[in-house]
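Undergrad: coordinates for the following, if possible.
(chains A, B, C and D)
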Protein chains: 2
Amino acid sequence: MSRGWEAIRADVLRRIQAREWGPGAAIPTEEALCREFGCARATVGRALRDLAATGVLERRRKAGTRVALQPVRRATLEIPVIRQEVEGRGQTYAYRLLADVMEQPPLPVLLRLRLPAGVALRHLTCLHSAGGQPFVYEDRWLNPAVPGGQQPDFAAHGANEWLVANMPYDAGDIAFSAAGAGADDAAAFGIDPGTPLFIVERTTWTADTAITCVRLAYMPGYRLRMTL
Amino acid sequence: MSRGWEAIRADVLRRIQAREWGPGAAIPTEEALCREFGCARATVGRALRDLAATGVLERRRKAGTRVALQPVRRATLEIPVIRQEVEGRGQTYAYRLLADVMEQPPLPVLLRLRLPAGVALRHLTCLHSAGGQPFVYEDRWLNPAVPGGQQPDFAAHGANEWLVANMPYDAGDIAFSAAGAGADDAAAFGIDPGTPLFIVERTTWTADTAITCVRLAYMPGYRLRMTL
DNA sequence: GAGTGGTCTAGACCACCAA
DNA sequence: TGGTGGTCTAGACCACTCC
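TA: Here you go, the predicted model:
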């Protein structure tokens, strides 16, 4: 066995998988484990903290460390920039702006951005292509009142790339769903209305300022993969 | 400002968001920062490691620490047990087994489980309901050769609950997609074939043994939410 | 009250890798 | 080859919470 906190983590995980320590059971204290492994308590703590972060262990002061009774599977999803996702597949990426107008958004968009009725937002629609085929149809509402100065026209480059370069590291939420292609989706992809599409919806703020609200419709058959 | 590594993390993140350190810029070394903050290097390292884990910073030995040029958004998804998801909504959960037969799976299932042609697997279909309405239609292939002894009948409780209790903490992958309801889906939900459904597909192993391969079709309109 | 995990320190050595 | 992050140590104090 190699050394280090990763070796300890692997050994603890092995005992759990071997049911040496069953679900719900308490495992030895950090002090007992660092005596067993012959290392400092901080090293054991590092290993156990990592297992707790992935949901394998549950830790509470005084109560000790237990194997999770119902292992909530946590997985980290890397949300790719569309250009990178396409180029990562070895396909050529292309972007085309379809529309760019100021208008009043529908009520659901206002609610998601927590904006009062009556405000006008910048409404962008564009198409991302992979290898000449439509890949993602983007429908975005952008708050023109965001800080950071003048917004460019998005004729050449997508709003998302401008955002990650100029308004990075903000908070938001994201939702995945399935929906039948609407008229716009069908026109963008050249498919029949009602065709099932994978939909990603994202809303973004910095502090309390609503930035943008975007709906991404992926090409038919798209699959989003993760590893547990 | 409060003390501790979380305060340092917050302060570093604040400077990044304030563009004091712009995307791609190198930030001071750990040693310089721990002099500035008046703490040990390990404490600064803890803060920077956490920011690197969430994709805000990129760290390389000798090259130093830089603000990520293209901040890959990482989000942690907690994959819920269906029963808990339903009960968390305050609805009553119900489960019904629809079929339980041994048969040869179709080729895509064999490939995902990395099994040779000709083997027969246990094929389960069941329906999870929320508040009396169909919620998830489950189509599962289960390897009867898995260790752990006799498998129960799944008349009363779902295979997933048996698995998390008896074969927990294994590896696998997961994929999200959209698909039109097939004949089975349509019958289960009482909807028209072709209705867009949110699909989750999971494959699970322990070590090199294929355990199970499951396709979950969620009720029309279902949304999977995450926070960034 | 007392046991446990959470954190911090000051120092050390090592692995990596750009210069 | 030198600078940087990655890790480990031995010890300490603190925060939480079960008893």
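Undergrad: who touches residue A:99 in this structure?
TA: A:123-125 (Cβ atoms under 8 Å, 6 or more residues apart in numbering or on different chains). Quick note: C-beta positions are derived from backbone N, CA and C, even for glycine.
Undergrad: can you list the residues you listed in a markdown table and add neighbour count and secondary structure?
TA: Conversion of the contacts of residue A:99 to a markdown table gives the following (neighbours: other Cβ atoms under 10 Å in any protein chain shown; DSSP: H, G, I helix; E, B strand; the rest coil):
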| residue | neighbour count | secondary structure |
| --- | --- | --- |
| A:123 | 17 | strand |
| A:124 | 21 | strand |
| A:125 | 17 | strand |
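Undergrad: and the helix or strand containing residue A:137, what other elements does it pack with?
TA: When secondary structure is defined by DSSP states H and E, residue A:137 falls within strand A:133-142. In terms of contact count using 3 or more Cβ pairs under 8 Å, 6 or more residues apart in numbering or on different chains; DSSP states H and E, strand A:133-142 is assigned the packing partners helix A:82-88, strand A:121-130, helix A:159-166, helix A:183-189, strand A:209-218.
Undergrad: deepest in the core, which of these is it.
TA: Neighbour counts averaged per stretch over the helices and strands packed on strand A:133-142 are highest for strand A:209-218, at a mean of 21; criterion: mean count of other Cβ atoms under 10 Å in any protein chain shown.
Undergrad: now the residue nearest in space to the middle of chain A: closest residue in space, sequence neighbours ignored.
TA: For chain A, the residue lying nearest the average C-alpha position, counting by Cα atoms, centre = their mean, turns out to be residue A:79 (4.4 Å). Counting by Cβ to Cβ, 6 or more residues apart in numbering or on different chains, residue B:73 is the residue found nearest to residue A:79 once chain neighbours are left out, at 4.1 Å.
Undergrad: any idea how far the one you found lies from residue A:113?
TA: Between residue B:73 and residue A:113 the distance, using Cβ to Cβ, to the nearest Å, works out to 19 Å.
Undergrad: and residue A:121, how far from residue A:207?
TA: Residue A:121 sits 18 Å away from residue A:207 when distances are taken as Cβ to Cβ.
Undergrad: cool, and residue A:152?
TA: Between residue A:152 and residue A:207 the distance, using Cβ to Cβ, works out to 23 Å.
Undergrad: residue A:171 too?
TA: Relative to residue A:207, and taking Cβ to Cβ, residue A:171 is found at 9 Å.
Undergrad: then residue A:32?
TA: From residue A:32 to residue A:207 the distance is 46 Å (Cβ to Cβ).
Undergrad: and the residue of chain A that's closest to DNA strand C?
TA: Here the residue of chain A nearest DNA strand C is residue A:62; by Cβ to the nearest atom of the strand that distance is 2.8 Å.
Undergrad: before we move on, the earlier item: in its sheet, what does the strand holding residue A:137 sit against?
TA: Listed by DSSP bridges, the sheet partners of strand A:133-142 and their directions read strand A:121-130 (antiparallel), strand A:209-218 (antiparallel).
Undergrad: got a list of contacts for it?
TA: Strand A:133-142 is contacted from outside by A:82, A:86, A:105, A:109, A:113, A:121-129, A:151, A:158-160, A:184-185, A:188-190, A:211-219, using Cβ under 8 Å, 6+ apart.
Undergrad: same question for stretch A:56-66.
TA: Under the contact criterion Cβ under 8 Å, 6+ apart, stretch A:56-66 has outside partners A:13, A:16, A:24-27, A:29-30, A:48-49, A:51-52, A:67-69, A:71, B:169.
Undergrad: show me which of those residues are buried.
TA: Under a neighbour-count criterion of 16 or more other Cβ atoms under 10 Å in any protein chain shown, the subset of the contacts of stretch A:56-66 counted as buried comprises A:13, A:16, A:27, A:30, A:48, A:51, A:67-68, A:71, B:169.
Undergrad: on that earlier part again, who has more neighbours out of residue A:171 and residue A:207?
TA: More neighbours surround residue A:171 than the other of residue A:171 and residue A:207, with 12 against 9 (other Cβ atoms under 10 Å in any protein chain shown).
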